[in-house]
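# here is a sequence with its predicted model. Questions after.
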Amino acid sequence: MTDEGVSIDPTKPSIARVYDYLLGGKDNYAVDREIGDVFKRDLPGSVAIAFANRAALTRAVREIVTTTDVRQFIDLGSGLPTSDNVHQVAQRHAPESRVVYVDIDPQVLVHGRALLEENERTRVVPADVRDPEAVRTHPDTLELIDFDRPVAVIFSAILHHVNDEEDPAGIVRYWRDRVPSGSYFFVSHFRSGHNPETTEAEAVLQQTFGRGRWRTDKEIESLLDGLEILDPGVVPASLWRPDAVDSPFNRNGERELTVWERLIAAGLARKA
């Protein structure tokens, strides 16, 4: 049990803590490292998925805050804080930016309190992304987010943890219908590769957490129905507007991607 009655069970693996471990963080337990080591040992190279996803998120937030007037962000299923969190990236370029983080993992909530202590333009809402109404109407959300102005809604590596019967498209649609024109949507998602790596990685998540759904490019794009998908579309995360410094090219001018880098896609869309 932690402060304020938030309970953390170190005997059960957490999606957020496994991600933290794969990214080199310290906020994880042996049970999380055991799952992470399955990826490191049995699926060598798979850790690149976590890093490619995080880098694409950082670029997307920077793109939004430096090229638009959007200064409000809702990060759904935000996970544990790591380097260059959404509020850090946004506020580096626009200090007035406001960010609401949403998660139900107890350890994420504990760390969120630390964020609150250091940053008055940040809130952490304890809610399930599958209950968007609870997120939108939470007092902390309403305190920080003005829904009469454009908002950037972030689904970074979260919708692939929502099973088909839980209607991930409906979750996106809920937010699409309740934010004004000029709002942005960032989505990153496990991408079907129709190869042994995809099958095995998906099986590990299903066996561990009972959820985890790889989707095709077409299925990922359909999550953004009713929105304008911006260039370069839904593509492998490493190819989503890469910085020159971290984007080596081969002699044909094409990005050299590993099979693992191809298994996480990213896209940015705008509500007209």
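In hand now; what should we look at?

# any regions of the stretch 151-272 of the chain where pLDDT drops low?
Low-confidence segments of the stretch 151-272 of the chain (pLDDT under 70): 210, 244-255.

# repeat the analysis, applying 50 as the threshold.
The stretch 151-272 of the chain contains residues with pLDDT under 50 at 249-251.

# now the helices: where do they sit in it?
Remark: helices assigned in the stretch 151-272 of the chain by DSSP state H, counting those that start in this stretch are 168-178, 196-209, 217-222.

# redo those helices as TSV? Include distance to residue 141 and mean neighbour count.
(C-beta placed from N, C-alpha, C; glycine too.) Listed next are the helices of the stretch 151-272 of the chain as TSV, based on distance: least, C-beta to C-beta, whole Å; neighbours: other C-beta atoms under 10 Å:
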stretch	distance to residue 141	mean neighbour count
helix 168-178	11	18
helix 196-209	26	15
helix 217-222	26	16
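
# quick check: which of those is nearest to residue 133?
helix 168-178 (7.4 Å; C-beta to C-beta).

# and the closest residue to residue 77 other than its chain neighbours, its phi and psi?
Once flanking residues are discounted, residue 77 sits nearest to residue 158: 3.3 Å by C-beta to C-beta, 6 or more residues apart in numbering. The phi and psi values for residue 158, taken as degrees, to the nearest 10, are phi -120, psi -40.

# ok, residue 158 to residue 186 distance?
11 Å (C-beta to C-beta, to the nearest Å).

# okay, now the unreliable bits of the stretch 1-150 of the chain?
In the stretch 1-150 of the chain the weaker segments, taking pLDDT under 50 as the threshold, are 1-5.

# hey, where'd the strands end up in it?
Using DSSP state E, counting those that start in this stretch, the strands found in the stretch 1-150 of the chain span residues 72-76, 98-103, 122-126.

# minimum distance to residue 261: which of these has it?
That would be, of the strands of the stretch 1-150 of the chain and by C-beta to C-beta, strand 72-76, which comes in at 22.8 Å.

# for the chain, longest helix please?
helix 47-67 (DSSP state H).

# residues in contact with that helix?
19, 22-23, 39-40, 70-71, 73, 82, 84, 86, 89-90, 93-94, 97, 152, 154, 156-157, 184, 186, 188, 190, 236-238, 240-243, 246, 258, 260-261, 263-264, 266, 268 (C-beta atoms under 8 Å, 6 or more residues apart in numbering).

# which of the residues in it are buried?
For helix 47-67, burial by neighbour count (16 or more other C-beta atoms under 10 Å) applies to 47-65.

# what of stretch 76-93?
76-81, 85-91.

# can you check stretch 110-130 too?
Buried residues in stretch 110-130 (16+ other C-beta under 10 Å): 110-112, 115, 121-127, 129-130.

# pick the one among those closest to residue 101.
Among those, residue 124 lies closest to residue 101 (C-beta to C-beta), at 4.7 Å.

# quick check: closest non-adjacent residue to the closest one.
Of all residues not flanking residue 124 in the chain, residue 112 sits nearest, at 2.9 Å (C-beta to C-beta, 6+ apart).

# OK, contacts around the one you found?
By C-beta under 8 Å, 6+ apart, the contact set of residue 112 is 81, 101, 103, 124.

# what residues are up against the last one?
Read that as residue 124. Taking C-beta under 8 Å, 6+ apart, one finds 78, 100-103, 108-109, 112-113, 115-116, 140 in contact with residue 124.

# measure the residue nearest to the spatial centre of the chain to residue 137 for me?
Closest to where the C-alpha atoms of the chain average out (C-alpha atoms, centre = their mean) is residue 156, at 1.6 Å. Distance, residue 156 to residue 137, using C-beta to C-beta: 22 Å.

# same deal with residue 185?
Relative to residue 137, residue 185 is positioned 20 Å away (criterion: C-beta to C-beta).
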